[in-house]
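> What follows is a predicted protein model with its sequence.
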Amino acid sequence: MNPEELRKKLVVGVAGFGTMGSELTAALAAAGFRVIAWNRSEERFEKLVPRVRRLISRQQNHPEEHRQRGLKLLETTTNLERLAEARFVVENLVEDRAVKVDFFKKLNQLAHPDAVFATNTSSLPIAELAEASGRPGRFLGLHFFNPVTRMELVEVVRHPGLDESVLTMATSLVEAMGKTPVVLNDAPGFIVNRILVTMVNEAIRLVEQGVASPKQVDTAMKLGTGVPVGPLKLLDLVGLDTHLRVCEHLYEKLGEPQFAPPELLKRLVKEGKTGRKAGEGFYSYR
Ligand SMILES: NC(=O)c1ccc[n+]([C@@H]2O[C@H](COP(=O)([O-])OP(=O)(O)OC[C@H]3O[C@@H](n4cnc5c(N)ncnc54)[C@H](O)[C@@H]3O)[C@@H](O)[C@H]2O)c1
């Protein structure tokens, strides 16, 4: 299907409306897709829908006509059955295996048999989730980056049971969103997190060991390596709780010490300092 046909025919479901689900909704709607966004409670919609609407309007890299269509057709719901209308559902729930498995099992009961399921997990094995979903051939990983409305990369994660036509459809969707897919085989952390998590953990350890402050670490990395944002500022954007879960999953699978979550990370999460979304992490946003 060409991008115009895809836009007209494909209804996309977005499950979860936190940091990633809300941004992904804005990115899809701005590209002209009809989006049905589901979340288990209204609260997130009340907090985030005005921001999502602003984000859709402001994405000038998409034609006005696409943005208007996406805005007009955007639907938010707490009723899981509404996702039955979507033929492509991207899941963005908390990084917890049991929560995701339970969601896909329920979705599988009510979705159209041809519907494709994708997970935005950062660290859980795609093949395991695919098997648990009850439709492995129509299940894959689509790993977006934060903030989705600005980041161009999408890691498209295949596994041995995946139907090739589903892979083609998923890469076409990513391209119709104006993004670049990189297809890879299922492996812990995929490409980017396998490298990034170790860098972020070392940045946390430098602060933990009193070598430098968060600002000094970020300034050094920005000016010394040319990254646009330092690792600890980035961590605040990602969410310290999400990063902690990713470290735990990668450490469990790979067993290498660089993936073990640093003590300072665990302490900050326990104190509720989960980053920008909480108003405080390595920096204060109050
Ligand atoms: N934050 C990032 O930078 C980033 C980047 C790429 C991928 N991801 C992945 O995206 C997914 C979501 O991460 P996030 O940062 O948006 O998290 P978040 O904490 O901002 O949002 C979590 C979402 O899960 C929902 N949720 C929590 N518990 C639930 C339950 N028991 N049942 C149903 N829904 C539940 C919440 O309502 C919310 O919509 C995770 O798998 C994460 O690994 C995150």
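Yep, it's here.
> how close does H66 get to S57?
According to C-beta to C-beta, to the nearest Å, H66 and S57 sit 12 Å apart. The C-beta positions use only the backbone N, C-alpha and C, and glycine is treated the same way.
> So for the two, which sits in the more crowded spot?
Neighbours were tallied for H66 and for S57 using other C-beta atoms under 10 Å; the higher tally belongs to H66 (20 against 16).
> From the ligand, how far off is the more buried one?
For H66, the distance to the ligand equals 24 Å [C-beta to the nearest ligand atom, to the nearest Å].
> thought that residue was touching A30?
Yes: H66 is within contact range of A30, at 6.8 Å (criterion: C-beta atoms under 8 Å).
> Spit out the residues that contact these two alike.
Counting by C-beta atoms under 8 Å, 6 or more residues apart in numbering, no residue touches both H66 and A30.
> and the closest residue to P188 other than its chain neighbours, how far is that from the ligand?
Spatially, and ignoring its direct neighbours in sequence, P188 is nearest to K253 (4.2 Å; C-beta to C-beta, 6 or more residues apart in numbering). Look at K253 and the ligand: by C-beta to the nearest ligand atom, they are 14 Å apart.
> Next: K8.
Counting by C-beta to the nearest ligand atom, the gap from K8 to the ligand is 28 Å.
> Likewise for F259?
Taking C-beta to the nearest ligand atom, one finds F259 at 15 Å from the ligand.
> tell me the contacts of that residue?
So F259 contacts 197-198, 201, 247, 250-251 (C-beta under 8 Å, 6+ apart).
> And T77, by the same measure?
By C-beta under 8 Å, 6+ apart, the residues touching T77 are 36-38.
> Just the ones of these in strands?
Judged by DSSP state E, the contacts of T77 include 36-38 as members of strands.
> and of the residues you listed, the nearest to A170?
Using C-beta to C-beta, I36 is the member of the ones in strands among the contacts of T77 that lies nearest A170, at 18.0 Å.
> Get me the contact residues on the stretch 1-150 of the chain for the ligand.
Proximity of the stretch 1-150 of the chain to the ligand, by C-beta under 6 Å from any ligand atom, involves residues 16-21, 39-40, 44, 92-95, 99, 120-122, 143-144, 146.
> Among the residues you listed, which are located in strands?
Checked against DSSP E, those include these in strands: 143-144.
> so of the residues of the stretch 1-150 of the chain next to the ligand, which ones are in helices?
Applying DSSP state H to those, the entries found in helices are 19-21, 44, 99.
> which residues sit in contact with the residue in the stretch 151-286 of the chain positioned nearest to the ligand?
As assessed by C-beta to the nearest ligand atom, the ligand sits closest to V238 within the stretch 151-286 of the chain, at 3.6 Å. V238 is in contact with 19, 146, 275, counting by C-beta under 8 Å, 6+ apart.
> Strands of the stretch 151-286 of the chain, start to end?
Using DSSP state E, counting those that start in this stretch, the strands of the stretch 151-286 of the chain run over 153-158, 180-185.
> Please identify the most buried of those.
Burial of the strands of the stretch 151-286 of the chain is given as mean neighbour count (mean count of other C-beta atoms under 10 Å); strand 153-158 ranks first at a mean of 21.
> ok, and the closest non-adjacent residue to Q59?
A30 (3.9 Å).
> Count the neighbours of that neighbour for me.
26.
> Relative to the ligand, how far out is it?
From A30 to the ligand the distance is 18 Å (C-beta to the nearest ligand atom).
> My read is that that residue contacts Q60, right?
No: taking C-beta under 8 Å as the definition, A30 is not a contact partner of Q60, at 9.4 Å.
> gap between P181 and G279?
Per C-beta to C-beta, P181 is found 34 Å from G279.
> next one: V192
27 Å.
> Check E152 too.
Taken as C-beta to C-beta, the span from E152 to G279 is 29 Å.
> go on, L235?
Note on L235: its distance to G279, by C-beta to C-beta, is 15 Å.
> try L232
According to C-beta to C-beta, L232 stands 16 Å off from G279.
> who's more crowded, those two?
Applying other C-beta under 10 Å to L232 and G279 shows that L232 carries more neighbours, namely 25 against 12.
> Contact partners for the more buried one?
L232 is in contact with 200, 203-204, 207, 214, 217-218, 282-283, counting by C-beta under 8 Å, 6+ apart.
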